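Engineer: structure, please.
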Amino acid sequence: MNRVVVTGMGIVSPVGNTVPVFWENIKAGVCGIAPITRFDTAEYKVKVAAEVRDYNPRQYMEKLDVLHSDLYTQFAMGAACQAVEDSGVIGTAAPERIGVYIGTGIGGIATFMSEHQKLLERGPKRVSPYFIPMMIANMASGMIAMRFACKGPAMPAVTACASGSNAIGEALRLIRHGYADAMIAGGAEATVNALAAAGFSSMQALSFSEDPLAASLPFDRRRTGFVMGEGAGVLVLEEYERAKARGAKIYAELAGYGSTCDAYHMTAPHPEAEGGTRAIADAWAETQLDTDRIYVNAHGTGTPMNDKTETLALKKAFGEERASKLVISSTKSMTGHMLGAAGAAEAIVSVLALREGVAPPTIGLTEPDPDCDLDYVPLTAREADFDAAVSVSLGFGGHNACLAFRKIGD
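Structural biologist: Numbering: from 1, shown residues only. Coordinates of the predicted model:
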């Protein structure tokens, strides 16, 4: 099987719209959560979210393309353009050998809302002819493929909160087995809006705290729910030998991927963490490493059930002794839950944590839950020398995905 490496990265997030800014803020514990500005929250219990700020899609897209695309696609395009420029991959392989996998949990929900309002208020003739292509979940992949003339496989992964990780993991498999030389892969989401907030609130999934610094509290006993986030993360993956031959900058090797389903409940994790455990164990086994120097970017949503169950999954997957030595953090404490984009953004965190030897903090973690008794790097970042980094994503529908990175070696 081919080895696969990361040669480019791009990000649009609540704590920065370039990788350097994002990473510096993540290390510094900067919180991207603030009062919601996208809609009037007077009738809502939820008051805060992690919104993308100061993002101008015209940096990356022509005016007409912006007008004819949903915000989630605009986020994806920005992150993809950054990653492609960072990698320099375009032009080094045949277009038929480069593909695009961009995951999303929901796709163009903002477009759906605005066009439905037109239908109700002004009738069917006023619905945009671009409504369907703007809304559908494959369009970020399609537009990125068009932008860079990528004629290999192009599709989304739609697995709720695991979408970004599944997109990257399935792209890994394409390169491993020779179906592509390079892939542009990641996730995008833009769901900070009135309808999504109402739906998540009705599920009792969101934190109703009005204090931005006490809303997203992964692994803390005070946690009550997640905070909505948004944005996009994109990685360029390449076959190792060709990347090395062309002199590409190589961040890390993507050496492991696990993908499972709980087959248990629409929204709740399996109480024994069966599927999550297998996803983590499968990804770790593929690395063929035997080390205790491991950074884990946890799914860590700040919901009562997730954090307890994820702790159990890590213990089962690594064993109690090795799990006690893991260095773990949830960057959702800063970015909120970026949903379909979360796994991709957190893959970038994992790569940089491995590369630089810095574990970002879990901010706000001042009252650890006794059921979450591993090392979650509370409050401030920590320097450590890692041999591997693992990123965990667990989604509604019981979807579990795990990515494992290792330092590049011969």
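
Engineer: His177: what's its closest spatial neighbour, skipping adjacent residues?
Structural biologist: Met1 (6.7 Å; CB to CB, 6 or more residues apart in numbering). C-betas here are computed from N, CA, C, even on glycine.

Engineer: was I right to think the one you found contacts Ile175?
Structural biologist: No - contact between Met1 and Ile175 fails when scored by CB atoms under 8 Å: they sit 9.3 Å apart.

Engineer: tell me, how many residues neighbour the residue nearest to His177?
Structural biologist: By the measure other CB atoms under 10 Å, the count of residues near Met1 is 9.

Engineer: ok, now how distant is it from Leu174?
Structural biologist: Distance, Met1 to Leu174, using CB to CB, to the nearest Å: 12 Å.

Engineer: next structured bit after the helix or strand that Ala188 is a member of?
Structural biologist: Applying DSSP states H and E as the criterion places Ala188 in strand 182-189. Later in the chain than strand 182-189, the nearest helix or strand by DSSP H and E is helix 194-202.

Engineer: which other helices and strands does the very next helix or strand once past that following helix contact?
Structural biologist: Heading C-terminal from helix 194-202, the first helix or strand you meet, by DSSP H and E, is strand 231-239. Packing partners of strand 231-239 (3 or more CB pairs under 8 Å, 6 or more residues apart in numbering; DSSP states H and E): strand 4-12, helix 71-87, helix 163-176, strand 182-189, helix 342-356.

Engineer: contact partners for Ala344?
Structural biologist: Going by CB atoms under 8 Å, 6 or more residues apart in numbering, Ala344 touches 79, 103, 164-165, 167-168, 185-188, 232-235.

Engineer: Leu213 and Pro35, how far apart?
Structural biologist: Computed with CB to CB, the distance linking Leu213 and Pro35 is 12 Å.

Engineer: show the residue spans covered by the helices in the stretch 1-150 of the chain.
Structural biologist: 19-28, 63-67, 71-87, 109-122, 131-135, 139-148 (DSSP state H, counting those that start in this stretch).

Engineer: mind putting the ones you listed in JSON lines, mean pLDDT, distance to Asp290 and mean neighbour count included?
Structural biologist: As requested, these are exported to JSON lines (pLDDT from 0 to 100; distance: least, CB to CB, whole Å; neighbours: other CB atoms under 10 Å):
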{"stretch": "helix 19-28", "mean pLDDT": "98", "distance to Asp290": "28", "mean neighbour count": "19"}
{"stretch": "helix 63-67", "mean pLDDT": "96", "distance to Asp290": "48", "mean neighbour count": "12"}
{"stretch": "helix 71-87", "mean pLDDT": "98", "distance to Asp290": "31", "mean neighbour count": "27"}
{"stretch": "helix 109-122", "mean pLDDT": "96", "distance to Asp290": "44", "mean neighbour count": "16"}
{"stretch": "helix 131-135", "mean pLDDT": "96", "distance to Asp290": "47", "mean neighbour count": "19"}
{"stretch": "helix 139-148", "mean pLDDT": "98", "distance to Asp290": "37", "mean neighbour count": "22"}
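
Engineer: closest to Pro378 out of those?
Structural biologist: Closest to Pro378 of these is helix 19-28 (CB to CB; 14.7 Å).

Engineer: can you list contacts of the closest one?
Structural biologist: Helix 19-28 is contacted from outside by 9-11, 13, 15-16, 32, 82, 86, 331, 334-335, 345, 348-349, 352, 358, 360, 381, using CB under 8 Å, 6+ apart.

Engineer: where does pLDDT dip in the stretch 151-300 of the chain?
Structural biologist: Residue ranges of the stretch 151-300 of the chain with pLDDT under 70: none are present.

Engineer: not counting stretch 311-324 itself, show me its contacts.
Structural biologist: The contact list for stretch 311-324 (CB under 8 Å, 6+ apart) reads 219, 272-273, 276-278, 280-281, 284, 292, 294, 296, 298, 326, 328, 371-375, 392.

Engineer: can you get me a residue count around the spatially closest residue to Ser165 that is not a sequence neighbour?
Structural biologist: Nearest non-adjacent residue to Ser165, counting by CB to CB, 6+ apart: Gly343, 3.1 Å away. Gly343 has 35 neighbouring residues, counting by other CB under 10 Å.

Engineer: Gly343 contacts Asn166, correct?
Structural biologist: Yes - using CB under 8 Å, Gly343 is in contact with Asn166, at 7.3 Å.

Engineer: Ala255 should be in a helix, yeah?
Structural biologist: No - under DSSP: H, G, I helix; E, B strand; the rest coil, Ala255 sits outside any helix and is assigned strand.

Engineer: burial count for it?
Structural biologist: The local packing of Ala255 (other CB under 10 Å) involves 22 other residues.

Engineer: how about it, what does it touch?
Structural biologist: Applying CB under 8 Å, 6+ apart, the residues near Ala255 are Arg3, Val4, Glu286, Thr287, Gln288, Leu289, Ala388, Ala404, Phe405, Arg406.

Engineer: number of residues surrounding the third one?
Structural biologist: To tie it back to what came earlier, the one meant is Glu286. Per other CB under 10 Å, the neighbour tally for Glu286 reads 19.

Engineer: which residue is the nearest non-sequential neighbour of it?
Structural biologist: That would be Gly256: by CB to CB, 6+ apart, it lies 3.6 Å from Glu286.

Engineer: picking up where we left off before, how about the helices and strands packed on strand 231-239 in TSV, adding distance to Ile250?
Structural biologist: Putting the helices and strands packed on strand 231-239 into TSV (distance: least, CB to CB, whole Å) gives the following:
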stretch	distance to Ile250
strand 4-12	5
helix 71-87	10
helix 163-176	14
strand 182-189	13
helix 342-356	10
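
Engineer: what segments of the stretch 251-400 of the chain are helices?
Structural biologist: With DSSP H, counting those that start in this stretch as the criterion, the stretch 251-400 of the chain has helices at 274-287, 304-318, 320-323, 332-335, 342-356.

Engineer: buried deepest among those helices, which one?
Structural biologist: Mean neighbour count, computed with mean count of other CB atoms under 10 Å, is highest for helix 332-335 among the helices of the stretch 251-400 of the chain, reaching a mean of 29.

Engineer: what's in contact with it?
Structural biologist: With contact meaning CB under 8 Å, 6+ apart, helix 332-335 is reached by 13-15, 25-26, 29-33, 50, 216-218, 226-227, 229, 231, 299-302, 338, 342, 345, 360-365.
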